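> make a model of this:
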Amino acid sequence: MYQLLNVDGRAKRAEVSTVHGKIQTPVFMNVGTAGAIKGAVSSQDLKEIKCQVELSNTYHLHVRPGDDVIKKMGGLHKFMVWDRPILTDSGGFQVFSLSGLRKIKEEGVHFSSHVDGRKIFMGPEESMQIQSNIASTIAMAFDECPPYPATRQYMQDSVDRTTRWLKRCQVEMKRLNGLEDTINKEQMLFGINQGGTYGDIRIEHAKVISELDLDGYAIGGLAVGESHDEMYRILEEVVPHLPQNKPTYLMGVGTPINILESVERGIDFFDCVYPARNGRHGHVYTNAGKLNLLNAKFQLDGRPIDEACQCPTCRQYSRAYIRHLLKAKEMLGMRLCVLHNLYFYNTLMEEIRDAIDANRYSAFKEEKIEKMLAG
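As a prediction, this is how the structure comes out:
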């Protein structure tokens, strides 16, 4: 299932075989929270911009249109017309972000829908059932994403509960994958390491969950307010205690430089809303740094966003035209910027894989960051 192809320092190059095709890692998963990338990007567009894995959100799909609807429509792949891997997060992060609307208990979390206020309960079994109905390729275990900062006692209690929830997720997924009417009986399960910035709590948690022999392991609860240096320190401390022969996923991260630094520390799965969100605001990535296309200096600029880029946007459109669309609030402007940014991220991951294959990852990372900062 996970074949390690090369290791350069701690950077891992691998291939993951799934029921929906192979994933080359390191990989950036393109975030389509409600089954679509914000910015009018279709499933067909995603293939053109080299997306390997689409990521959708369990909580949002449960609230609207409802996982029962998606199951009746044949699962999310058929519903959104996408035949490559899909990862669904468990809904835990979104549930716990509703701090004023939820109550945590051992059995799970009671909360109110942000859409219509109706009462919802979600625990490990419910999260697995929803993700089974959605029929994603990879399901994430239901966990608590603790607040930052949190006291040591709060963090320890939370991590202990997340471990108990993970074991319940594993039992429930095994049961669901064995049911006759389950759409994806090969659904994979990733567990999530938590512990905030307490290195010793995270290391002990990593050791405990590694013994459960899951399909992959994620590091959650980072990029929630701590500094980049703290995040990198945690990765250096924790990743060596997770199985090297399984995917290692850093949730919700991040900027191109965050990704380059984290690959060097052993991470090979990423996701983040940055490229789509920034694109919708006219902020676009290039190999010489980020541009704000709303700036007046681009009004008569006939060049593409990045002259070295081969994305659908840069092959045809000028900075001046895209700036005009953004200023006129035409949806096409946002779409062109989101397509470019996602292509930039997906191409960056290709370059990262090539550098690891060639055993020159450290030099590649330094060159890449230097150019981005110089711009």
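> now the strands for the stretch 201-350 of the chain?
Using DSSP state E, counting those that start in this stretch, the strands found in the stretch 201-350 of the chain span residues 216-219, 248-250, 269-271, 283-286, 289-292.
> what's the third one in contact with?
Read it as strand 269-271. 25-31, 55, 87, 216, 218, 247-254, 259, 262 (CB atoms under 8 Å, 6 or more residues apart in numbering). C-betas here are computed from N, CA, C, even on glycine.
> what lines up beside it in the sheet?
Sheet partners assigned to strand 269-271 using DSSP bridges are listed as strand 27-31 (parallel), strand 248-250 (parallel).
> relative to residue 113, how far out is the residue nearest the centre of the chain?
Geometric centre of the chain, nearest residue: residue 271, 2.4 Å, by CA atoms, centre = their mean. With distances taken as CB to CB, to the nearest Å, residue 271 is found 24 Å from residue 113.
> what of residue 22?
Per CB to CB, residue 22 is found 37 Å from residue 113.
> do residue 168 as well
23 Å.
> okay, the nearest residue to residue 360 once chain neighbours are set aside and residue 369: tell me how far apart.
Using CB to CB, 6 or more residues apart in numbering and skipping residues adjacent in sequence, the residue nearest residue 360 is residue 8, 7.5 Å away. For residue 8, the distance to residue 369 equals 17 Å [CB to CB].
> those two: who's more crowded?
residue 8 (18 against 14; other CB atoms under 10 Å).
> in this structure residue 62 contacts residue 88, no?
No - Residue 62 is not in contact with residue 88 according to CB atoms under 8 Å; the separation is 10.1 Å.
> avg pLDDT for stretch 357-370?
Stretch 357-370 carries an average pLDDT of 98.
> brain fart, stretch 229-249
Averaged across stretch 229-249, pLDDT comes to 98.
> how far is it from where the chain is centred?
The chain centre lies 16 Å from the centre of stretch 229-249; the measure is CA atoms, centre = their mean, to the nearest Å.
> and the helices in the stretch 101-250 of the chain?
Here the stretch 101-250 of the chain has its helices, by DSSP state H, counting those that start in this stretch, at 124-134, 152-177, 199-210, 228-238.
> want to try CSV for the ones you listed, with distance to residue 3 as columns?
Below are the helices of the stretch 101-250 of the chain laid out as CSV (distance: least, CB to CB, whole Å):
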stretch, distance to residue 3
helix 124-134, 25
helix 152-177, 22
helix 199-210, 19
helix 228-238, 23
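> and of those, who's closest to residue 350?
helix 228-238 (22.4 Å; CB to CB).
> name the strands paired with whichever strand or helix holds residue 14 and say parallel or antiparallel.
For residue 14, the host element (DSSP states H and E) is strand 11-18. Sheet pairing of strand 11-18 (DSSP bridges) gives strand 2-8 (antiparallel), strand 21-25 (antiparallel).
> list the buried ones in the shortest one?
Taking 16 or more other CB atoms under 10 Å as the basis for neighbour counts, the residues of strand 21-25 that come out buried are 23, 25.
> and that strand, average pLDDT?
Taken as a whole, strand 21-25 carries a mean pLDDT of 98.
> what of stretch 200-218?
For stretch 200-218, the mean pLDDT works out to 98.
> output it as CSV, nothing but the C-alphas.
Extracted in CSV, the C-alpha atoms of stretch 200-218 (Å, rounded to 0.1, in the frame of the first residue of the first chain):
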residue,chain,number,x,y,z
ASP,A,200,6.9,14.8,25.5
ILE,A,201,3.1,14.4,25.3
ARG,A,202,3.2,14.2,21.5
ILE,A,203,6.1,11.7,21.5
GLU,A,204,4.3,9.4,23.9
HIS,A,205,1.1,9.7,21.9
ALA,A,206,3.0,8.9,18.7
LYS,A,207,4.4,5.8,20.2
VAL,A,208,0.9,4.6,21.4
ILE,A,209,-0.9,5.2,18.1
SER,A,210,2.0,3.7,16.1
GLU,A,211,1.2,0.3,17.7
LEU,A,212,-2.3,0.4,16.2
ASP,A,213,-0.9,-0.3,12.7
LEU,A,214,-3.1,2.3,10.9
ASP,A,215,-2.9,3.1,7.2
GLY,A,216,-1.3,6.5,7.9
TYR,A,217,-0.5,9.0,10.6
ALA,A,218,-1.3,12.7,10.7
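> now residue 144: how far from residue 362?
According to CB to CB, residue 144 stands 36 Å off from residue 362.
> neighbour-wise, which of these two wins?
Regarding residue 144 and residue 362, a neighbour count based on other CB under 10 Å identifies residue 144 as having more, with 22 against 13.
> quick one, grab the pLDDT at the more buried one.
So residue 144 comes in at 91 (pLDDT).
> same question for residue 90.
pLDDT at residue 90 comes out at 87.
> now residue 84
98.
> that one: neighbouring residues, count only.
Neighbours of residue 84 (other CB under 10 Å): 18.
> residue 37 against residue 338, yeah?
Yes - between residue 37 and residue 338 a contact is recorded at 6.6 Å, counting by CB under 8 Å.
> and for those two, which residues touch both?
residue 276.
> how near is the closest residue to residue 265 other than its chain neighbours to residue 228?
Of all residues not flanking residue 265 in the chain, residue 235 sits nearest, at 4.2 Å (CB to CB, 6+ apart). According to CB to CB, residue 235 stands 11 Å off from residue 228.
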